[in-house]
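J.: Mind folding the following:
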Amino acid sequence: MRRAEVVKGLGVPSVLVFQKALRTICVGWSVLALIAVVGCKGMPTLDEQERLVKENNLVLDHVTTRAVVNVWGEPPYHRSLLTHFLSCQINA
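T.: As a prediction, the model looks like this:
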């Protein structure tokens, strides 16, 4: 592989530098796309997830919250509080 050289007098990198950068970016995006496709293949469809919830087979890495809400419905009540944690000194 030839070394990228600077165009004489301009101080601008040659086309080889840009080609190498573009090739690296394309390979990176291809790897990310492959990982995304493989990752999505392992998750069951929403219908299968709902069937698992109906059967009480709640394997958390196979069931999404959307499937649980579709089967069981929205939670009837939600409460959230701001809790302060105070430090206590214990004199022994």
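J.: Dead centre of the chain: give me the residue that sits there.
T.: Among the residues of the chain, the one closest to the centroid is A36, at 8.6 Å (Cα atoms, centre = their mean).
J.: Okay, that residue and M43: tell me how far apart.
T.: When distances are taken as Cβ to Cβ, to the nearest Å, A36 and M43 turn out to be 12 Å apart. The way it works is simple: take the backbone N, C-alpha and C, and place the C-beta from them, glycine included.
J.: Under the pLDDT cut-off, which ranges of this structure? List them.
T.: By pLDDT under 70, the low-scoring segments of the chain are 1-13, 39-41, 86-87, 92.
J.: Can you mark which positions in stretch 36-52 are buried?
T.: Of the residues in stretch 36-52, 49-50, 52 count as buried by neighbour count, 16 or more other Cβ atoms under 10 Å.
J.: So which residues of the protein form strands?
T.: Taking DSSP state E as the test, none of the chain falls into strands.
J.: how about the helices in it?
T.: 15-41, 46-54, 65-72 (DSSP state H).
J.: Make JSON lines out of those and add distance to I90.
T.: Output for those, formatted as JSON lines (distance: least, Cβ to Cβ, whole Å):
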{"stretch": "helix 15-41", "distance to I90": "48"}
{"stretch": "helix 46-54", "distance to I90": "46"}
{"stretch": "helix 65-72", "distance to I90": "41"}
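J.: wait, which of these is closest to F85?
T.: When the helices of the chain are ranked by proximity to F85, the top entry is helix 65-72, at 28.0 Å, counting by Cβ to Cβ.
J.: thinking again about what came up before, of all the buried residues of stretch 36-52, which comes closest to G73?
T.: E50 (12.3 Å).
J.: my read: the closest one touches W72, true?
T.: No: between E50 and W72 there is no contact under Cβ atoms under 8 Å: 10.1 Å.
J.: picking that back up, quickly note the distance from the residue nearest to the centre of the chain to Y77.
T.: According to Cβ to Cβ, A36 stands 37 Å off from Y77.
J.: Many thanks, have a good one.
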